[in-house]
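J.: Here is my input, please return the structure:
(one chain, ligands or ions: 2)
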Amino acid sequence: MAGGVSTVCVASAVVKSFEEYEFLAEQAHGHMCAGQILGLRLAIYGLKLLGIEDPTGRDRKRLVTFVEIDRCATDAIPIVTGCRLGKRALKFRDFGKVAATFCDLQEDRAVRVVARETSKQRALELHPEITNKNQQQMLAYRELADSELFSEQWVRVALGAEEFPGYKGERRVCEECGEGINFKREVIREGRVLCKACAGERYYTLL
Ligand SMILES: [Zn+2]
Ligand SMILES: [Zn+2]
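T.: Ligands and ions are numbered 1, 2, ... in the order given. All right, here's what the predicted structure looks like:
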């Protein structure tokens, strides 16, 4: 598995080879596609900017990632960062953008990386000989420089401790439905403890 040569094995942020990341991404996502390549590159770039070198080992408790789209690229990001929903380290904000914010909890800083709107056009310019768009973009997204694929901004992510891994809060019970609620997700309404569903944020209707 180890040791593939890669054109975009950028800087020291990469513990695995890019080929190895591709293999893992394809397994997790179900197919290989341009979005996987872009997502891998985006995450590798984010970690490089933060100087996080071993996200799934030594630095595994250092990172929280926010993703802004529920499309292919998003599946590739945890392959690099190790941030998973079930570890409270992966957050989804549905903005419909190929973008992610990487928060370094140790250094208390965060960087938001966005895929450039021009990336598809750059892929076409780089490989006009490839007519299949997915193939064209997959190859180009492996080859293009970080600066051609992404822009970044340093940001502050202001969230309560309960949003981050390791938070242990009191478990409450909804006074309406009787279901348990963790991590301060309860709502206090006229002195009563309610879950978000009973407080009016239900995304489903009861049949
Ligand atoms: Zn895909
Ligand atoms: Zn309830």
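J.: rest of the way, CA atoms for contacts and neighbours
T.: OK.
J.: Go through this protein and flag its longest helix.
T.: The residue-count maximum for a helix in the chain (DSSP state H) belongs to helix 34-50.
J.: What are the contacting residues of the helix or strand following that one?
T.: Using DSSP states H and E, the next helix or strand after helix 34-50 towards the C-terminus is strand 63-67. If you take CA atoms under 8 Å, 6 or more residues apart in numbering as the criterion, strand 63-67 is touched by 55, 74, 81, 83, 88-94, 98-105, 164.
J.: just how off-centre is strand 63-67 within its chain?
T.: 5 Å (CA atoms, centre = their mean, to the nearest Å).
J.: Let me know the average pLDDT across the next helix or strand along the chain from it.
T.: Using DSSP H and E, the helix or strand that follows strand 63-67 towards the C-terminus is helix 72-81. Averaging pLDDT along helix 72-81 gives 95.
J.: name the helices or strands packed onto helix 72-81?
T.: helix 18-29, helix 34-50, strand 63-67 (3 or more CA pairs under 8 Å, 6 or more residues apart in numbering; DSSP states H and E).
J.: can you give me the angle the first one makes with helix 72-81?
T.: Per axes from the mean of the first three to the mean of the last three CA atoms, to 10 degrees, the angle that helix 18-29 makes with helix 72-81 is 120 degrees.
J.: try the shortest one
T.: Between strand 63-67 and helix 72-81, the angle comes out at 180 degrees (the same axes, to 10 degrees).
J.: Same question for strand 63-67: list its buried residues.
T.: 63-67 (16 or more other CA atoms under 10 Å).
J.: Taking helix 34-50 as reference, get the angle to that strand.
T.: Using the same axes, to 10 degrees: strand 63-67 against helix 34-50 is 140 degrees.
J.: What residues does this protein have near ligand 2?
T.: Residues of the chain lying close to ligand 2 (CA under 5 Å from the ion) are 174, 176-177, 195, 198.
J.: ranking those residues by neighbours, who comes first?
T.: Cys195 (27 neighbours; other CA atoms under 10 Å).
J.: what sits against Arg185?
T.: Contacts of Arg185 by CA under 8 Å, 6+ apart are 195-196.
J.: Kindly format the C-alpha coordinates of stretch 194-205 as CSV.
T.: Output of stretch 194-205 as CSV, limited to C-alpha atoms (Å, rounded to 0.1, in the frame of the first residue of the first chain):
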residue,chain,number,x,y,z
LEU,A,194,-38.1,20.4,25.4
CYS,A,195,-36.3,18.6,22.6
LYS,A,196,-35.8,20.5,19.4
ALA,A,197,-38.5,18.5,17.7
CYS,A,198,-41.1,19.3,20.3
ALA,A,199,-39.9,22.9,20.3
GLY,A,200,-41.0,23.2,16.7
GLU,A,201,-37.9,22.2,14.7
ARG,A,202,-39.2,18.9,13.5
TYR,A,203,-38.0,17.9,10.1
TYR,A,204,-40.6,15.1,9.9
THR,A,205,-44.3,14.8,10.5
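J.: Pull out the buried residues from it.
T.: Buried-residue list, stretch 194-205, by 16+ other CA under 10 Å: 194-197.
J.: Run the chain-centre distance for that stretch.
T.: The answer for stretch 194-205 is 27 Å, by CA atoms, centre = their mean.
J.: returning to what we had before: among the residues of the chain next to ligand 2, which one lies nearest to Leu159?
T.: Nearest to Leu159 out of those is Cys195 (CA to CA; 20.1 Å).
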